[in-house]
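1. Next input, structure requested:
(chains A and B)
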There are 2 protein chains.
Amino acid sequence: MTTNAGTKKSVLLSGIEVGNTAICTVGKTGNDLFYRGYDIQDLAVHCEFEEVAYLLIYEKLPSLTELAAYKTKLKSLRNLPSNLKNALETLPATAHPMDVIRSGVSILGALTQNLEMPSVDQIRHQADQTIACLGSILLYWYHFTTHNRRIDLETNDDTIGGHFLHLLHNKPPAESWVNAMHTSLILYAEHEFNASTFTARVITGTGSDFYSAITGGIGALRGSKHGGANEVAFEIIKRYNDPEDAEKDILNRVANKEIIIGFGHPVYTIADPRNKIIKNVSRKLSVDQNNMKLFDIATKIESTMWKSKRMFPNLDWFSAVSYHMMGIPTELFTPLFAISRTSGWTAHIIEQSRDNKIIRPSANYTGPERKELLPIEKRD
Amino acid sequence: MTTNAGTKKSVLLSGIEVGNTAICTVGKTGNDLFYRGYDIQDLAVHCEFEEVAYLLIYEKLPSLTELAAYKTKLKSLRNLPSNLKNALETLPATAHPMDVIRSGVSILGALTQNLEMPSVDQIRHQADQTIACLGSILLYWYHFTTHNRRIDLETNDDTIGGHFLHLLHNKPPAESWVNAMHTSLILYAEHEFNASTFTARVITGTGSDFYSAITGGIGALRGSKHGGANEVAFEIIKRYNDPEDAEKDILNRVANKEIIIGFGHPVYTIADPRNKIIKNVSRKLSVDQNNMKLFDIATKIESTMWKSKRMFPNLDWFSAVSYHMMGIPTELFTPLFAISRTSGWTAHIIEQSRDNKIIRPSANYTGPERKELLPIEKRD
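-> Take a look at the predicted model:
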């Protein structure tokens, strides 16, 4: 590893196998990714997001009939209970959108017959509802607080990504954007024992419920060293006027040992296999709009980082460009990641609950030896 | 280890040191517990809960002046923002109380200037507010949904435990009950890298915020293999009419290899050092009320489990009796644990944020080898 963000010494438990999984392999040859045995290069090009969510949650790729039924089910679960809408209306416009969806999922659990140690079928249903309505939670709050408008959450779009864009922009999205969302959401869906997934597994291991595990996953994903990185990546890209500006400034920052978020990865050693896929998506979106500025800046920084540091962009880098080109506000980037990753979290929640083990490590004690308890009157 | 609940094979990462800590040692000699070098036997007898919370959060035992200032600060932070009250009113009486406090803390974060990677001083202030108002969150919802009453959250009680009992029973508590709460909350405050604390550390490791970490901790604590065990323990104790009934039935269940929740522990090998302390508390509460029934049943099961299985009760066993004797509804037992443990979680959040490392383990892959992606028309 030569990356900054990914140096082994900044990662605890790096490379330590803490459990079994049949869901995913990451970087076995340095730059590959497989979901349940399927190459991400195939899934991202040939599948809709709903197929991949089904693969992760139901453990097989759906047939045509199964996919149609699944999309119909998801479409039927988009609306929110009125109590949840009322609760979302109490959250201010200044709230962090990840705090909003974390609260929304937590409340959804409180409103649901929320049993401990649910069956696999119950988990799957809870997951389907959560994936179907996470966009509704986010955008109901967003429009209520930003535009003082109570939006209708049901649309005719038959995909998660299309529904999201429709609610956001208040009009049906172009097919090319729906396809871009499929690819992006597929790429973000699953990534083995990353920090948010591991969080969901630790919570599930205690015998706790689905919503607690997802709430914890969202909380972990929020961090700038994890899901929050796609927002930071965009802040970097957008601060430049042109590729030459960008190159010059990035070289300066690299010389000053600044970490450039969006580059390097703790698991991939050669390249992030998702980068070339999402880079193509962002190029196409930019060409369609005849606006290559951000794509060109991002590409120049990519080559600059490779030449100067032998560091490669991870999924977040061109995801940021793609989302921006679809008019998605920066602060909604990480919530989109969460919508997608809920499918992967669910696969791990099911696997951990079958495993039926609590995760309880030990620590190396570095604190004081035994101390005498002084009466409070004698303490400094 | 000879315990059921605590067999090594049911615990992942058991005994594996996944990081450093200066906060706590558990079971170094098989039956001891130290917070920052102080023996739990001393802390539980000589301290108030607020002293121990201060020790955990501020890293030293307070002087008389510091303790007085700290209690004044906590007292000033008991009320809730009106938006949070409104959100709590949307949650039904049937909600799981742990879902309520998980949602309450999440919303508190959404209402707060909630920065990523807060400073240590900011974390401490957020923790103080959370500890001060968790009882308010729980009991505001409880009385609103159970008694259709919007209670006043500010009382003259100068302790967390006294405030809780006052809000619950709508009258100032007896001093003996306040003392029992001090001891109980001190015993529940901290326990090294248990599952909920580890959850909070994994979340903090991504650079996420305080409320995300606490929300995750509450979610993990909910599980019946973790904090939820004190409620299950009470369900066991209360199902018997007398000690003889209990002994006979427990022996039957043990013969049928049933796990008796409240016994055994994955870390302690000889005894849970907290048991004798909380057993004394529960005895005193029972004697004061001239009602030894549950205490006698719990004690008989303790001796039965020891004779038949060489298993010892953990903290949950007589905590359940103690809480019941103070008129606390069973479903509020685990939330009380959460109020106390927020102090320990905070100590670990501070430690992990100083450590500045992401926790990202690996997994042993047990899934399928590479599969060909069939076109959807050709899938079964």
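
2. Show me the helices in the stretch 251-380 of chain A, by range?
-> A:275-288, A:293-309, A:315-325, A:333-355 (DSSP state H, counting those that start in this stretch).

3. how big is the angle separating the last one from helix A:315-325?
-> If I follow you right, that is helix A:333-355. Relative orientation of helix A:333-355 versus helix A:315-325 (axes from the mean of the first three to the mean of the last three CA atoms, to 10 degrees): 130 degrees.

4. which regions of the stretch 101-250 of chain A sit below the pLDDT cut-off?
-> Within the stretch 101-250 of chain A, the stretches with pLDDT under 70 are A:114.

5. 90 - rerun?
-> For the stretch 101-250 of chain A, the stretches with pLDDT under 90 are A:113-118.

6. Going along the chain, name the helices of it.
-> A:120-147, A:160-169, A:175-188, A:195-205, A:210-221, A:229-238, A:243-255.

7. can you tell me which residues contact A:V26?
-> By CB atoms under 8 Å, 6 or more residues apart in numbering or on different chains, A:V26 lies in contact with A:L33, A:H191, A:E192, A:V267, A:Y268. Using the backbone N, CA and C atoms, a C-beta is placed for each residue, glycine as well.

8. related to what we said a few turns ago, nearest to B:L84, out of the helices of the stretch 251-380 of chain A?
-> Proximity to B:L84, assessed across the helices of the stretch 251-380 of chain A by CB to CB, is greatest for helix A:333-355 (21.6 Å).

9. Extract the CA atoms of that closest one and return them as PDB.
-> Extracted C-alpha coordinates of helix A:333-355, given in PDB (Å, rounded to 0.1, in the frame of the first residue of the first chain):
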ATOM      1  CA  PHE A 333     -24.400  12.300  -2.000                       C
ATOM      2  CA  THR A 334     -23.800  10.300   1.100                       C
ATOM      3  CA  PRO A 335     -27.500   9.600   1.700                       C
ATOM      4  CA  LEU A 336     -27.700   8.100  -1.800                       C
ATOM      5  CA  PHE A 337     -24.800   5.900  -0.900                       C
ATOM      6  CA  ALA A 338     -26.800   4.800   2.200                       C
ATOM      7  CA  ILE A 339     -29.900   4.000   0.100                       C
ATOM      8  CA  SER A 340     -27.800   1.700  -2.000                       C
ATOM      9  CA  ARG A 341     -25.700   0.200   0.800                       C
ATOM     10  CA  THR A 342     -28.800  -0.800   2.700                       C
ATOM     11  CA  SER A 343     -29.000  -3.800   0.400                       C
ATOM     12  CA  GLY A 344     -25.500  -4.900   1.300                       C
ATOM     13  CA  TRP A 345     -26.000  -4.200   5.000                       C
ATOM     14  CA  THR A 346     -29.100  -6.300   4.900                       C
ATOM     15  CA  ALA A 347     -27.200  -9.200   3.300                       C
ATOM     16  CA  HIS A 348     -24.800  -9.000   6.200                       C
ATOM     17  CA  ILE A 349     -27.500  -8.600   8.800                       C
ATOM     18  CA  ILE A 350     -29.100 -11.800   7.600                       C
ATOM     19  CA  GLU A 351     -25.800 -13.600   7.500                       C
ATOM     20  CA  GLN A 352     -24.800 -12.400  11.000                       C
ATOM     21  CA  SER A 353     -28.200 -13.300  12.500                       C
ATOM     22  CA  ARG A 354     -27.900 -16.900  11.100                       C
ATOM     23  CA  ASP A 355     -24.400 -17.100  12.500                       C
END
